[in-house]
Structure formats: structure tokens, C-alpha cells
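**Student:** Provided below for reference: sequence and predicted model.
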Amino acid sequence: MSVRTLPLLFLNLGGEMLYILDQRLRAQNIPGDKARKVLNDIISTMFNRKFMEELFKPQELYSKKALRTVYDRLAHASIMRLNQASMDKLYDLMTMAFKYQVLLCPRPKDVLLVTFNHLDAIKGFIQDSPTILHQVDETFQQLTETYGGLSAGEFQLIRQTLLIFFQDLHIRVSIFLKDKVQNSNGRFVLPVSGPLPWGTKVPGLIRTFNNKGEEVRKAEFKHGGSYVAAPKEGSFELYGDRVLKLGTNMYSVNRPVETHMSGASENLAAQTQESIAPNPLAKEELNLLARLIGGMEIKKPSGPEPGFRLNLFTTDEEEEQAALTRPEELSYEVINIQATQVCAGDYTSQILFPSSSYNNIELQRPCLLLSNRHVT
């Protein structure tokens, strides 16, 4: 498992979240000023300098529920509110989109180009906010410094860590089903044609060499695909042609997006209910949350501007039905997390859980108050 995976996972999932929210804000005809405020507030929180410093520290990936808590906090960093069913759907779409991108990366290193595609698109949302643009550019610089010198083997380990994180997630997404890149069981269809990874040749030729390194024989074979050589390598600079299209906004054309649990996922949920025994990684996961969320600076809305609820479903009835039919084991409880500083330079940590199994777990970071109640 790579300890350099978390920044790539967080930034790419965050990019997908912003794509989806932007599409739904437009679909629900939210006034432009409110929509811009929501995206600006979320992006500003997401790229907060202290938050990024914690994110880029070498660390293991933790559970999907732990990360989901961070995204719930992030999605509610502005005047917008999501019901749990919509938040579940948002997280499903985020994870399946990035899983697809990781699977289709021609080279392990190209996951960095996918990340840059997300950052390029995020900058498009905040063109009129130079301060937030500077935050995103600083994160780009951190990415370049952290990943620019890694070997192909290290990138392969990062890709493998991401695939392990996404293992057994087979949620059907309407866009993928319509484009025939996902089967009805929720598994993706990997192409056997198209551009090859940069630096590789079109398959179909076998060359044999002797012990002196001289070519002595050639033989051709049919590979069964329709491959083409990559025209050029994508740019890893701040501005440039990424070439790779993975990670760009697939919601730029307005079309409805639905998610459905596959039969395999439902069976898996029935077989893998969480044990009531404490998770041995619970303390580490909560320390992660404390560090990450403690670094978030959530600005409370100033003035009398009212909030609004965003629905990721076509109607309220669909949202209510989704909440009732989603398997309980695959629905993430919404956790209210409040990080507070008791006094200057002195942090007190305490965890209060509804389950006594986790009582008295202490952290080394700001106080977290967790409950199953979603505060709107």
C-alpha cells in the first residue's frame, strides 16, 4: 500500500463532486450568484493551505466511511444542504467515476494527468476569484513536487492502492450504461482498442535477438484490436495539453444521471455487515478525520442570505424512495463533526459515540463531536 495515495484520491473525488454539484445547480435553476457562492466556498475550503498540508503528509488510506465524512463536511461548507439520500448518490457517482478513470489510465503515471484535468476544470469554476485560483495553483505545485520524481513502480503501487480502495464497488451509473462502458452487473467494460500508452509501440510484431543483442528474426501476429500510437505525451506543467481526456467533466452536456445498486453489491452488503466489535483501525481513522477536518476552515454564512436544499434526484419523491430502498449496510450515516479549539495553543480531544464500543477513544487533535443526527 502506498502512503502517497490520499492526496490523489481526495482531489480527484473532490473534482468529480464539483462537476456533479455544478450540473445539479444548473439543472435546478439555482440563481447564478448563489451557485457561484456554493462552488467558491467549497473550493476555497477544499484547497485551504492547512488542510492541504495535512493531506499531503504520508499516510495510509482509511475506510470509505471515514473519507465520506470529510466529503459530507465539504459539501456543506456553504449555504447549500443535501439530504442523506442525495449525499449517498453524490458519493456513489464520485467514486464510480474516479474508479473508471483509474481503470482506464494507459500508464500508472497518468493518474497524475487525470488529477491535473480535474484541477484545470476546477480553475474554470473560479475564474473570477484570484485568491482561490492561487490556492489551486499552490496545490498544483505541491503535486508536482510530491509526485514529479516518482518512478514507474511507485506510480504502479499508487494505482494498485486506489484499485484496492475501489474493490467490490459495482454501482450502476446511467451515463456509463448508456455509453456501454458498464455492464448491467456494475462492472466496467475495458476497451481493447484506442490510443496506446505513451512510449509503447502498436502490438503485432515479435522480434527475436541473439546473445549479442542482434536482431535475427521478425514475426507478425494478429492482436485482435485496433490500436494507435499516442500522438504525444500529456503535459505535466501548470498550463498545457494533457492529451488524456480522463478526468474532464462528463456532465458538461446536461443529461440526467441515475445510480442503481447492482445485484452483486446488494449480495455483498448482506454478507458483509459490520461487526459490532470495535474496528482496530478506528483510532487511526479518527485521527485522520481530526487532522483533515481540523484543517478545514468552514466559514459561516454572513448576513441574512438564506440557504437552499439541492436534490440530486429528478423529484423529491425519487429521493425519498432512494432513501428507503438503499441497503442499510451501503448507506453512510451522516456524521456531524465540530472541531473546536478550547484555548489558544491548547487542543482537547474527545470522541462521543452513540455506540459504547468506541467510548473513551482519545485523539491528539481538535475535539470531534459525532452523532447520527444530520444538522441542517
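**Tutor:** Alright, I've got the coordinates.

**Student:** So which residues of the stretch 101-250 of the chain form strands?
**Tutor:** Counting by DSSP state E, counting those that start in this stretch, the stretch 101-250 of the chain has these strands, from start to end: 171-173, 194-195, 205-209, 215-220, 227-228.

**Student:** buried stuff in the third one?
**Tutor:** Right, the one you point to is strand 205-209. Buried residues in strand 205-209, counting neighbours by 16 or more other Cβ atoms under 10 Å, are absent. C-beta: built from backbone N, CA, C; applies to glycine.

**Student:** What mean pLDDT does that strand get?
**Tutor:** Averaged across strand 205-209, the pLDDT comes to 94.

**Student:** which one of the strands of the stretch 101-250 of the chain is the most hemmed in?
**Tutor:** Of these, the one with the most neighbours on average (mean count of other Cβ atoms under 10 Å) is strand 171-173, at a mean of 21.

**Student:** Would you list the strands that it pairs with, along with their directions?
**Tutor:** Its sheet considered, strand 171-173 pairs with strand 259-261 (antiparallel) by DSSP bridges.

**Student:** ok, back up a step: can you redo the strands of the stretch 101-250 of the chain as JSON lines with distance to Val136?
**Tutor:** As requested, the strands of the stretch 101-250 of the chain are arranged in JSON lines below (distance: least, Cβ to Cβ, whole Å):
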{"stretch": "strand 171-173", "distance to Val136": "27"}
{"stretch": "strand 194-195", "distance to Val136": "28"}
{"stretch": "strand 205-209", "distance to Val136": "44"}
{"stretch": "strand 215-220", "distance to Val136": "48"}
{"stretch": "strand 227-228", "distance to Val136": "33"}
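
**Student:** Could you work out which of those strands reaches nearest to Thr248?
**Tutor:** Nearest to Thr248, of all the strands of the stretch 101-250 of the chain, is strand 194-195, at 15.1 Å by Cβ to Cβ.

**Student:** Other residues contacting that closest one?
**Tutor:** Under the criterion Cβ atoms under 8 Å, 6 or more residues apart in numbering, residues 106, 226-231 lie in contact with strand 194-195.

**Student:** Dump those residues into CSV; add distance to Met250 as well.
**Tutor:** Formatted as CSV, the entries for the contacts of strand 194-195 read as follows, by distance: Cβ to Cβ, whole Å:
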residue, distance to Met250
Pro106, 18
Ser226, 23
Tyr227, 24
Val228, 22
Ala229, 26
Ala230, 21
Pro231, 22
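
**Student:** Many thanks, we can stop here.
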